[in-house]
Every structure is written in structure tokens, then in C-alpha cells.
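> My questions are about this predicted structure, shown below with the sequence.
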Amino acid sequence: MAIIVDQNTKVIVQGITGKQGSFHIRQMLAYGTKVVAGVTPGKGGITFEGVPVYDTVQAVLENHQVDATVIFIQAAIAKDAVMEALEAGIGIVVVITEHIPIHDELEFISYARRKGAILIGPNTFGIISSGKCKIGIPPNQFFIPGPVGLVSRSGTLAYEIAKKLAAAGFGQSTAVGMGGDCVKGLTFVEILKLFEADPETRAVVLIGEIGGDAEEEASVYIKEMTKPVVAYIAGKSAPPEKQMGHAGAIIRGGRGTYQGKVKALSKAGALVAEMPSEVPEKISKLLA
Amino acid sequence: MAIIVDQNTKVIVQGITGKQGSFHIRQMLAYGTKVVAGVTPGKGGITFEGVPVYDTVQAVLENHQVDATVIFIQAAIAKDAVMEALEAGIGIVVVITEHIPIHDELEFISYARRKGAILIGPNTFGIISSGKCKIGIPPNQFFIPGPVGLVSRSGTLAYEIAKKLAAAGFGQSTAVGMGGDCVKGLTFVEILKLFEADPETRAVVLIGEIGGDAEEEASVYIKEMTKPVVAYIAGKSAPPEKQMGHAGAIIRGGRGTYQGKVKALSKAGALVAEMPSEVPEKISKLLA
Amino acid sequence: MRIFEYIGKELFNRFGLPVPKGKVVSCADEAALAAAEIGPVVVKAQILSGKRGKSGGIRFANTPAEAKSIALELLGANIRGYLVEKLLVEEKLAVDQEFYLAVTIDEEAKSPVIIASNQGGIDIEEVPENRILKVHTDAELGMYPFIARNIVRRLGLDLGSQHGKELVKAILATYQVFQEKDAVLVEINPLVFSGEKIFAADAKVIIDPEARFRQKDIPYVEDQTETEKLAHDLGLSYVELKGDIAVMANGAGIAMSTLDILMHYGGTPANFLDVVGGTDTETIARSLEILLAKKPKVIFINIFGGSTRCDDVARAYVKVKKKGSGIQVPVVIRLEGTNQDKGRRILQECGIEAYTDMEEAAAKAVELAACAPAGSSS
Amino acid sequence: MRIFEYIGKELFNRFGLPVPKGKVVSCADEAALAAAEIGPVVVKAQILSGKRGKSGGIRFANTPAEAKSIALELLGANIRGYLVEKLLVEEKLAVDQEFYLAVTIDEEAKSPVIIASNQGGIDIEEVPENRILKVHTDAELGMYPFIARNIVRRLGLDLGSQHGKELVKAILATYQVFQEKDAVLVEINPLVFSGEKIFAADAKVIIDPEARFRQKDIPYVEDQTETEKLAHDLGLSYVELKGDIAVMANGAGIAMSTLDILMHYGGTPANFLDVVGGTDTETIARSLEILLAKKPKVIFINIFGGSTRCDDVARAYVKVKKKGSGIQVPVVIRLEGTNQDKGRRILQECGIEAYTDMEEAAAKAVELAACAPAGSSS
């Protein structure tokens, strides 16, 4: 078991021959992901890394069964690619692209909701069900099967902690990147609910950051969860009102502060780690 | 029984104090329709013909339960009124207004479909379940309870034939105006299906006209119906390629001709009347 | 409402769809000048009709002198019932490939539809069904580049090629014209590749007449007789026909049916006039005067009142009757529906007994027309 | 990115939302001339900060002389950390009623939200919750007049009144600016009624920086230091801080965490630098040079490779090291993730042993910074 994706998930890569796509298709294949096809307009007909390339998503669907797609398309035209996938009826859309205009994001997130599709991201590292399927960009070596569900707003911080967990002997059932932009498809709460229901997941690590109120929202649901949650929040030392890379990480009107998030999470029963290295320590105690 | 509306249907009138709305609210009340409120922006708070008037549909819904709305709003701004009703969740929207731009119609028809609402029209006389509820503009006196379901693209022609039916002793279960524009919400087929399922309806009169292919489409379903259908098609003498008032009544590329429609209907088992007066004669024989 | 080819091409140009270099001229000397500037040209009569080629309305000229002589011939000529007042003098393209492209509305699907074929340049009706692509769009969702890419792919073009990219852009631009200009049809036949570039070699654009209020920048062409224009200005639907019984009815359906019944009884209608629902006394009176001015043998007023109220119609009749030269032709009136008793009484005071049955009334009108001398009203 | 009030008002004007009569000036004489033309005026410092009123940046002048003297005082002054270079000299309105109106994005609802209150003119944070209206729209469906009518009704205005109608139009125009200009915030406080008319008396507009490529007509204000600008031109996220340990990390989350950890060990970061995923050797080298130029005591490079490849980072280090004046400050490098072994080897050839654990590496960087003399690199 795992959440959202597993060893049977058939994946396509939109933007397969681009700079990002061409690098990560290799990594995904190496991880064992069932990549059935790629899309690059104008490159239809070629084979890339052993994977057939098509001009459009529709062309793929005329030849393959597809469960999920991953978008490596430059920000300015990413909306078109996401809409293409959603319109074609693909049920899981992972949007790696960062710097997408937020008005474009609002539109395709709304359309995904209307189509009943799961949209992960944008500006996410993707999703990885350890040992089964990786859709996105995390380095392969730190994601090994295990009892910990991991969800994060940040990519590298998630890898960091996944590695520390692995070093401590704890693999992950599934790791999901919620995405670093202001608005996103799947949220903490939706992901936590899936982990709560997943028999393979015994504890959840939530990696948040300052800005927005995703962690405060998550706290409301964590209160109801039967599985333990360990949280780490980045940005304790950030000066207020300075944008720290993620558009979401703006402290606005006193909401979204480090202190507020830690308080909400603690009150809900989550264990909050001060430093990344404390995460495996806390997990270790919980699952001992 | 009746289709779509009955004596319990709670109706509001959008554009209640306008020229059309103010006339027809009286007629609807006289017919016994349960008109619970009206909407005219800027007139909220007054009472008109005994009916409370509100500024917006939302304001009505804060105070009343509503099943259906009828739109008497000028064409240029009708889309806003229809979207207002749909967005507020009203399940039956009857659009009397004619001359609405077709791109506006495409949008609100698509939105109605998305919201699962029944949209009747635009450019329709409305719907009348005889003796129970009238939403729209047909003259009251010719619509008396009876076994005939009536559906028509044209208003006055429907009244004409309803009157002739009544004179011959046949009232109507429900009469529905499909609307005279190129695109419409409820179609012949959808309405015929409702009549087929309605125990009170024993036969159906379908009034069509040249142009479009609504009658040809209807024929496909008529073949499956257990109830008899009598049809009358206007426009036998119309010269080709001349627009006859209804945007739908353009004969294009040979499709939509009088002869083609009559042939399709006859083949499907419908009895086609040459003259309006033949309609009650045929019904009379069928229901004798 | 149709617009001239050259106006359609101005729209295309505005939305980034390339058209051949060209000039609109209204005299032969201008045509020669344009040809001198452009080189070998096509001279195209600007009329609101298709099939211009087959009717001699599209001609080629290699020299300014040739262009002038063709212009002299075409200007003022009548092609397919239309007077030629303007010509489009356009660069003659070296055509490498021709496509058909249109965006219109599919009534059954209730959505816009893009129609495309790689067999352009001939009537689309003559292209085999399996060579015509129909792609529906969602009116709420609108157009996206990926939709255009799928069309181009299915037309067999390489999306990576210059031609493929140009065609994607052309489809997007065409859709934008359709969407933003409230068109019910934008048709380009042919859309051509000339070298690496794409051009809309023709432009058939029909704008939704109901959207005219928000499309004021388009110079509409009046494709109407004087009388039709008068009626349309009143907000009525009017079409001139060739018979001798003038018809007024309320509602398009009943008006069409009225013509059918008149013909059934052997009469011939002089027009189609739909006094649309809710029209007031004054408008009905004005439209009655329009009918009178055409000097029919008989006038047949067929009203089944819904929004239109019978008393308004009766009052309109009385008003016209009492005014100026009055009403000199026989008038058959049928009144039924909203306020019918009031209307009937008003007419009775005027000495007219209204009919209630439309078929009976129609038969009477045909009978009166058969008896009346030609030009009876003068 | 924020834009100046006067540029926001130009946008409002373009979308049909009235603003007070005004002129932008950059010298005191122009201010006097503007006041002479307009009458009693408000002189407003054009800086990218709120709370200008409380800081003396918004002043009233009844005469041109007064306007001149205020302008002399404000121009060149520093208000809330910003240099005042331009003033907006604007008609002083007779204010009858003040509203608050904003359109922004609700992250939790994932949709646009209109925020309105009839308690305008004061900080919206000070208005009681129950006096603030929040209405969400559907990003796909967009804005409709009925939504504005409901807001106006709920604000307690008569929709039939002139004020009611003006406010409906103002809400629609404000939303249009938000939608068409890719804004993340359009805030008007106050929106005022002066007589029968409505005016946007202030304009706070923030444009989505990611949409800058399609909003080229807006004159953006550079609200960045020189170094920040250099980094942003490379496509990196960079914020200047006050400490002495220069930080490079890949990913906003890990970069933030890196600062947290440095401070946890008693260090102070000199900056936040996120070399976003997938950045190449050249860009990383350039950003390393940017860090060097700020003369920190220590540089801490914390890379956990995903899209960013460890060998690219190592090569960038080697490149800068071998070039010109090289690298004169201690550098602590932590490499982990994609191509980590390759990266490690490259550094080893250069005599550097990369750390694998970021906390250990951070502790080392703090230790080195504590030992280093001030301005160690020169």
C-alpha cells in the first residue's frame, strides 16, 4: 500500500525532451516508475530513453492507458499543458514547474476540482511511494520503503529529512510535495487524510514553513488523527515581511508566523521538532 | 402529475417590475402559480402585485425557498441574470428573453449543465402544467388539464394548437416551449423522455419548424416511445436561405428542410399534420 | 450578419492572422494603381455571396492594365443578385498547400465547433466526410493551444515544422475572432501555405446580429431592401416575398405557419412579418403602414395573443384607419388570446368582425385576394 | 511587486474607475503649478510603503505656496526607509462617505476574494470582523455584475441610488484590474463618495512577479538593493540580511532552515540565497561571486541535490576558485543528493572535503565565523 500512486501507476511525462524532463525521466525510470510515454509537441514519433514520445496528450491516450502525468513545462505556457492533461481526463497531475503566474494556477486548480482530478503542486517535488513509483524530482537514493508518511511544502527540506529518517532506519510509505506556491492542488489536510487511511503508514512527518495558514489548517485535522504526527517548520529566524523565495512564505498581518504554527500544531498533539535532526529522534521514540 | 413543474413549485420572477415582467406576473398569479418573490435591482423592499420584491436572487434566498425562476431581463444583460440564478443554485431557470447573443447563451447553457439545472429557453414561452403552474407568457385560457403533452419551438403556434386541442376536448398535461434560438437548454428529446415517463400524459404533440435538426434528433427517440406523437412543422412554404425571425430557422446546406423533417418524423412513427387543425383530429383518433 | 471579405480580413489582421497584401478599391484607376504596387493580383468582387469564383467575381491580373480592365468590367456589375461596388485587389500567392478552416456553433452539441480539412480550396460539402475534422470546444473553458495542436496533428502536419507552428497560430487567431467578435461563423477557404508562411486567402465572417450592440466597430453591410430596413428599425422581423397577400403575425412560428396555410388555400404571401411578442400599439400601427405601402391586394393580420395583446392590435388598426389616407385594401383580422374580448370590441366599434380561427381567416384572405383587381389599393 | 500609487491610479483610470484629478511631480515648482491648476490639494509621497499618513508622507495644501513648501520638505526625504523621489499632487475631495475595497487571493479557498467594508479610511485590521464582507469568486467563472450587486446590497446601499450604481461599477472595475493585470492585490482605502460621484482616493496594487512577462506595460519599481537585483537577474531568490555568514542553499525551505540552524548555533546569516532547482554551473558560479562581493566572514554552501546536481555546484566552486582573485574566505560546503559522489570527488581534487550533514556543517560555519577577524577577506 501507499497513497495516490503505486507500482501499477502508469505515468507520462509532459515536456519529456526538455532540460528538466530529460534529466528526470532517466531518474524516474531508474527508480522503477512505469513511464509509458512522453509528450513534446513536434517530437512525436521518436523514442526517448526507451519511452515513446507523442505530440500531444490526446495522441498518447490513443495508444496507452495513463493514470498520471508529470509536467515539466516552462512557467509561461504551463497552464496550457495542465489543462491539456485535465481535459484529456488524466486523474493525477503532478506540476513540477515553478514560477507559474498565480492567476493561471487558480484557473487550473479550479478546473482540476471540477474534473475530480488530483493535482499535486505546482512548484512541487512530486510524489514518491517508496520502492514503487516516483513521479517528480526527488533524488532516488533516500526514499526507501517504510512506515513514515511524509508531506512537505519544500522539496530539498523533504529530501534532507527523508535522508535523516532513512539513516535512522525509517523509510517512507509515501512522500508528497504539497508545493511551495500560495495556492496548491492537494493540501496538507487532504494528504493527511490519505495517510490516516493508509495501513502501511504508521506515523506522519509534516514539513511546513512560515507564511500562509496551511499548517494552522492542518492542525485542525491532526487533532482527529489516530496516527502520530511530527512536524518541522522552517523560517523561525526569517525577518517579517521579506519574501523568502516561496511566494507562500510571506508573513502577512501577523498570520502565518513560526510561533503561531508551532503553537497550533503542538496544541493539536503534533510533536514539533526544533531542528531537522530531531525529526528522526521523535519518530524513533514514537515507533519504538 | 405533470412534468418539471406542478402546483407546489415556488417561483420567482427576475425583472418583476419591468414592462414584460409586470404584465406577466399578474397573469401567472391569476393562473395560480406560486410566485413567492420578484427581483429588480434597486426595488428591493417594495411589494408588487402582492409579491415581495428583492434586489438580488441571493436576497430572495435569504428569505424564501425557491424552486424555479423566470427571466424577463433585456437581452444585453440577460446573461448576468441567468448566471445569478444558476450560481444561487436555482434548479429550474426559464429564460423568456429573446435576442440574447448566442455566445452568451452558449456560456450559460454550459454553466446550467455543470450545475445540473434545468434551463428552458432562451426565447421560450415558458412552461405550463395545466391547472397547476404557469411559468412564462402563454395566455391562461387555453391551457386546461388533460392528457396531451405539448412541446414547441414556437410560442404562438403552441397557443394556437393548444386552443384547437382544448376546443376538441383535449387539455394538456404540460406544455413546454423549447425556445426559438439556435441553441437551447432542454431539447425535444429530453422533454419527450419526461412525457414518456409521466403517467398523466397519454400522447404528445410536437411543434417544430424548419431549420436546425432538432426534429430529426427527436425522431430517433420517438422511435423508442410507447406513447403516440403528433407533429406539426411550420415553414413548408419558406424560401430557402432566408431567415424567418428565429435564428434557428435557417436552412443550411440542405439540412433542416421541411421535407427532411416530415420524412424523419413519419419514419419514426409520428403522425405529421399538414395544417394546425389536423392536430386535434389526429389526437382525437389516437385517444378515442 | 455577413460582412465583406475585406472587412473580415481586416479583423484577421487585427487578431494576428496574416492575409495577403491587398487594397480595397472602388474605381478602375485605383485597381490599376494597386496592381502596379503589388504585382500580379487577384481582383475579387466584394459581394455578400459565396461562389463568386464560379460567377466570374474572382479574376487574375498580371499587369495594371489587366487589373483596370477587369475592374471596369466588375464594378457596377450584378453578380448573384448583388451590385458590385468594391473590389479587393490582392497579391496573387504562390500556393503550396490549401486548408479549410472554420469555427462555428454546433446547435445540437450546444457548443462551438472547429472544422478543419487539409482539402481546402474546394467547397467543403464536396470533401469526403472522413477528411473533415470536427473538434468541439467548451464555451466556458474556451480555447487552448493544445486543442489547436491536436487539430494540426490530426491534419497530418509535423508540429515541429514551421508549417505546423504557423497553423497552430492560425487556428488560435481564428478562434479568437470567433469568440471576441461574437461571430456565428468564421470560415477561411482556403487557408494557404505560401512558402513558409500562412495566409487567409478568403474570409467569410458572420456576426451574430443580436450582439451588434457590443460589436460597434464592425462596419456592417446592409443586405436589406428599404422596407426590410424600416421594419428592422422597428425591431421587427420582416422578409419580402413575391405574392399579393400582406401578412402580419405575432411569433415566427405562427407567421411561418400563416404563409403555409395561405399557400395551402392557393394564396401567395407578399411578405413575412413577425411583430414580436410584446410590441405596442404604435409599433403595430407603423408596421401596418409598412405593409400598406407595398400595395398588396389584401392584408391578413393573424394574432394569437401571448405577450402581444389583442387590444393593442385593434387600436393600431383603428389608428391607421383614421389617419391620412386610411386603409384602402381589404383587411382580414384574426384575434385570439390575451385581451381578445377587448380587441374584438374595439374592432366591432369600427365595423370589423374579427375571426377567431386562423385557417378560416386565411381562406377568407385568399378568397378576397382572388377577387381583388391588381393594384387595388391605388 | 508593488507599484506606485500613481501608477495604480493610471491603471484604475484605464479600467474606468475614477480617481481624483492629480499630477505626478518631481520638483517643488511643479507641485506649485499643479496646485495652482487644481486648487486645494493633497500632496502624497510616492513610496512603496503603507502608513504614509502616519509618517508625514501625506499632507494637505490650500495654496500653491503651501504645496511648494510641502514638496520641498518631502522630496529627497526618507520615509519609512524609502527615498521620496516623486509626489502625487491631487485634488482634495469633499468626502461624504468612505469604503474599503480590495480584491486578492484566498490561499485556503484557492480562489479570488473580494473584501469590502463601509468603514473605509482606517486600517482594515482595525475594523471589526463583522463589518468586513468577504465574497469569493470562482476563478473559472469570473466576475459578474450580480456579484457586485450583492456586495453593494450587503454594504447597506440602495441599489437604485446613484451611489449604489457607482459602487457596483467600481467593484467591477477593481476586479477587472485584478484579473487582467495579474494582480495578487488591488486595494483601495478609501474608496470615497464625493457628491454623487465615486473616487479611488488611494491605490495599492501588487502585481504577481511571475506574470511580469505578460504585463510589460506596467512600469515596475525596483524595490531591491544592487546585489538583490544582480541575483534576481540570474533568476535566483536573494534577500540581504545583517549577519556575517553568507549562505547559499538550494530550495526555499532548506535555505530558510539553514538560516534557522545557523542562528540556533549562535551564528548570523548575511543573506538568504536560494539557487533554485536545476540551476547550472555558470549561474551557481555567478551567485558565489555575488556572495564573495559582500565580504562575509564565512560562506556556507548547503546543497541537497534534487534538480540541482552536486557536481554542478562543485564545478562552480572550482571555477570561481581558479579565477582572478579566487576565494579568500573560508567556505563550508555540504553536498548531498543528486550526483553527490561526482561532486565530492571534484572538490577533493581541489582539497576540500564536503560535509554530508547540514547541522554539522552549519556548526562548523558558525565556529569559523567566530574565529575570523572582521573583514577577513580583504
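Cool, the structure landed. Keep in mind the model is a prediction, meaning the values are calculated, not measured.
> what number of residues lie near residue 238?
The chain I'm using is chain A. Residues lying near A:Ala238 (other Cβ atoms under 10 Å in any protein chain shown) number 25. (C-beta placed from N, C-alpha, C; glycine too.)
> wrong one, I was asking about chain C
C:Tyr238 has 24 nearby residues by other Cβ under 10 Å.
> Spell out which helix or strand contains the residue lying closest to it once chain neighbours are set aside, please.
Nearest non-adjacent residue to C:Tyr238, counting by Cβ to Cβ, 6 or more residues apart in numbering or on different chains: C:Ala231, 3.3 Å away. Assigned by DSSP states H and E, C:Ala231 belongs to helix C:226-233.
> and the gap between the closest residue to chain D within chain C and chain A?
Residue of chain C nearest chain D, by Cβ to the nearest Cβ: C:Glu140 (6.8 Å). Distance from C:Glu140 to chain A, counting by Cβ to the nearest Cβ, to the nearest Å: 10 Å.
> got the contact list for the helix or strand following the helix holding C:Ala231?
Sequence-wise, the next helix or strand downstream of helix C:226-233 (DSSP H and E) is strand C:237-240. With Cβ atoms under 8 Å, 6 or more residues apart in numbering or on different chains as the test, strand C:237-240 has contacts from B:242-245, C:225, C:227-228, C:231-232, C:252, C:255, C:270-274, C:276, C:287, C:290, C:294.
> Toward the C-terminus, what is the element adjacent to strand C:237-240?
In N-to-C order, the element after strand C:237-240 by DSSP H and E is strand C:245-249.
> follow-up on the earlier one: pull out the buried members of the contacts of strand C:237-240.
Using 16 or more other Cβ atoms under 10 Å in any protein chain shown as the burial test, these include B:243-245, C:227-228, C:231, C:252, C:255, C:270-274, C:276, C:287, C:290 as buried.
> And the helices in the chain?
Using chain A. For chain A, the helices defined by DSSP state H cover A:19-31, A:57-61, A:75-87, A:102-115, A:155-167, A:188-197, A:214-222, A:258-267, A:278-287.
> that's the other chain; I wanted chain C
Listed in chain order, the helices of chain C (DSSP H) span C:5-14, C:28-38, C:64-74, C:145-154, C:162-180, C:226-233, C:252-264, C:281-293, C:310-322, C:340-349, C:358-371.
> Identify, from the buried ones among the contacts of strand C:237-240, the entry nearest to A:Gly155.
Within these, the smallest distance to A:Gly155 is 60.6 Å, found for B:Gln243 (Cβ to Cβ).
> farthest pair in the buried ones among the contacts of strand C:237-240?
Spatially, the most separated pair among the buried ones among the contacts of strand C:237-240 is C:Ala270 and C:Val276, at 19.4 Å (Cβ to Cβ).
> what about A:Phe23, distance to chain B?
Distance from A:Phe23 to chain B, by Cβ to the nearest Cβ: 40 Å.
> What residues does that residue make contact with?
D:Ser307 are the contacts of A:Phe23 under Cβ under 8 Å, 6+ apart.
> Tell me the pLDDT of the residue in chain A that chain B sits nearest to.
Per Cβ to the nearest Cβ, A:Arg114 is where chain A lies closest to chain B, at 7.4 Å. Looking at A:Arg114, its pLDDT is 93.
> Kindly report the same for C:Pro373.
Value for C:Pro373, per-residue pLDDT: 69.
> hang on, the earlier thing: list the contacts for the residue nearest to the residue of chain C closest to chain D when sequence neighbours are not counted?
In this structure, C:Glu140 finds its nearest non-sequential neighbour in B:Ser110, 4.7 Å apart by Cβ to Cβ, 6+ apart. Residues near B:Ser110 by Cβ under 8 Å, 6+ apart: C:Lys110, C:Ser111, C:Asp138, C:Ala139, C:Glu140.
> Please, a PyMOL command that selects the buried ones among those?
To isolate the buried ones among these in PyMOL, judged by 16+ other Cβ under 10 Å, type:
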select buried, chain C and resi 110+111+138+139+140
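> For the residue of the stretch 101-250 of chain A found nearest chain C, list the residues it contacts.
The nearest approach of the stretch 101-250 of chain A to chain C comes at A:Tyr111, 7.3 Å away (Cβ to the nearest Cβ). Listed by Cβ under 8 Å, 6+ apart, the contact set of A:Tyr111 reads A:Met83, A:Leu86, C:Leu141, D:Glu140.
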